[in-house]
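Visitor: coordinates only, sequence not included:
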């Protein structure tokens, strides 16, 4: 009856009452996965006018804690894994834990492509291109499930991400934990400039080239019977082609911003600081951090307040890709698993 009451309260829009009842259900039945999932969902901000607000750090942490119980009880529940993965990366910045989270999912669904896509994306963010390449080979192997159109698009996107990122850093991969890395000097020189936006780049670089070539095409073909249509198609093709060709240039121009972005990911993943004081608080830093979620920003603030320095010999704790028999929680332990790193 308590669970039915919880469902009715949620349907009536009484979310706090519904969540409270769901908690009561889990006290009676700790293995009630639907109640745990309700707690997770209702711990996040509700949808208002068709738009979901970003959760705060406590909200994201509470929601994730409930999701741990959901996947422990019902590991087949794909929506819980997806929500947990988003909370770990986008809102909490816990990259290492995210890799382990999806490794647990791979044990449940070894042929599913989504866990590999998510793991590759995280590995690229922290600069582990070799491991990303290994997982990419598995992702496109015939043993995996046939992906749907959305998954195919994401698979192609991560493939390009691995190639572009590895090419951009082929000579020297940026390791933020190394305070003497030469990229820190470049970031320091560029700290007063915001990264170039794609729109600004298109207007100032791509559009003028397309305009000149389009004008030339109009001069040659504009007076013909099909001239205007042909020129229009030429301009569209030019804009598409030049945009694709110049995307690598935009990445190179913004590499200092991407490097600082990685440093932020390393800080939230380790709970330790590595960004120099003279860069933190700069126009570049504020611009990069301002694009992150509220919970991520709150977590960075806590990490900076504690001010524990990251060891320069730090390396990410990665899952054992060869042996998928280790988890980051034990099923025999208490159902409620805490993330000490969040509080730290």
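Guide: Sure thing, it's come through. Only a predicted model underlies this, so the values are computations on that prediction, with no experimental measurement involved.
Visitor: Tell me both backbone torsions, phi and psi, for the closest residue to residue 253 other than its chain neighbours.
Guide: Excluding the flanking residues, the one nearest residue 253 by Cβ to Cβ, 6 or more residues apart in numbering is residue 196, at 5.6 Å. Where you see a C-beta, it was placed from the backbone N, CA and C, and this is true even at glycine. In terms of degrees, to the nearest 10, the main-chain angles of residue 196 are phi -70, psi 130.
Visitor: how many neighbours does the closest residue in space to residue 77 that isn't next to it in sequence have?
Guide: What sits nearest to residue 77 in space, not counting adjacent residues and going by Cβ to Cβ, 6+ apart, is residue 70, at 5.9 Å. Neighbour count of residue 70, defined by other Cβ atoms under 10 Å: 24.
Visitor: ditto for the one 5 residues further on
Guide: A count of neighbours around residue 75, defined by other Cβ under 10 Å, yields 17.
Visitor: got it, and the one 4 residues further on?
Guide: Using other Cβ under 10 Å, residue 79 is surrounded by 11 other residues.
Visitor: Repeat that for residue 14.
Guide: When neighbours are counted by other Cβ under 10 Å, residue 14 registers 14.
Visitor: show me where the stretch 51-200 of the chain has strands.
Guide: 51-52 (DSSP state E, counting those that start in this stretch).
Visitor: Quick check: which ranges of it have low pLDDT?
Guide: Applying pLDDT under 70 to the stretch 51-200 of the chain flags residues 170-171, 198, 200.
Visitor: Please enumerate the helices of it.
Guide: Assigned by DSSP state H, counting those that start in this stretch, the stretch 51-200 of the chain shows helices spanning 57-73, 78-86, 95-108, 114-125, 129-139, 149-168, 182-189, 198-201.
Visitor: ok so, going back, run through the residues that contact the residue nearest to residue 77.
Guide: Neighbouring residues of residue 70 by Cβ atoms under 8 Å, 6 or more residues apart in numbering: 33, 36, 37, 40, 77, 80.
Visitor: just residue 59 next, same as before
Guide: For residue 59, the contact set (Cβ under 8 Å, 6+ apart) comprises 43, 44, 45, 295.
Visitor: The residue nearest to residue 253 touches residue 254, doesn't it?
Guide: Yes: counting by Cβ atoms under 8 Å, residue 196 touches residue 254, with 5.7 Å between them.
Visitor: Between these two, point out the one with more neighbours.
Guide: residue 254 (18 against 14).
Visitor: Need the pLDDT of the more buried one.
Guide: On pLDDT, residue 254 comes in at 83.
Visitor: just use 15 as the starting number from now, easier for me
Guide: From this message on, residue numbering opens at 15, which makes the last subject residue 268.
Visitor: List just the nearest of the contacts of residue 73 to residue 206.
Guide: Nearest to residue 206 among those, counting by Cβ to Cβ, is residue 309 at 27.9 Å.
Visitor: Can you tell me what sits against the strand or helix carrying the closest one?
Guide: Taking DSSP states H and E as the definition, residue 309 sits inside helix 308-320. With contact meaning Cβ under 8 Å, 6+ apart, helix 308-320 is reached by 68-71, 73-74, 104-107, 278, 281-282, 285-287, 294, 303-304, 306, 356, 358.
Visitor: contacting residues around the nearest residue to residue 112 once chain neighbours are set aside?
Guide: Take residue 112 and drop its neighbours on the chain: the residue closest to it by Cβ to Cβ, 6+ apart is residue 102, 4.1 Å away. Applying Cβ under 8 Å, 6+ apart, we find residue 102 in contact with 78, 108, 109, 111, 112, 115.
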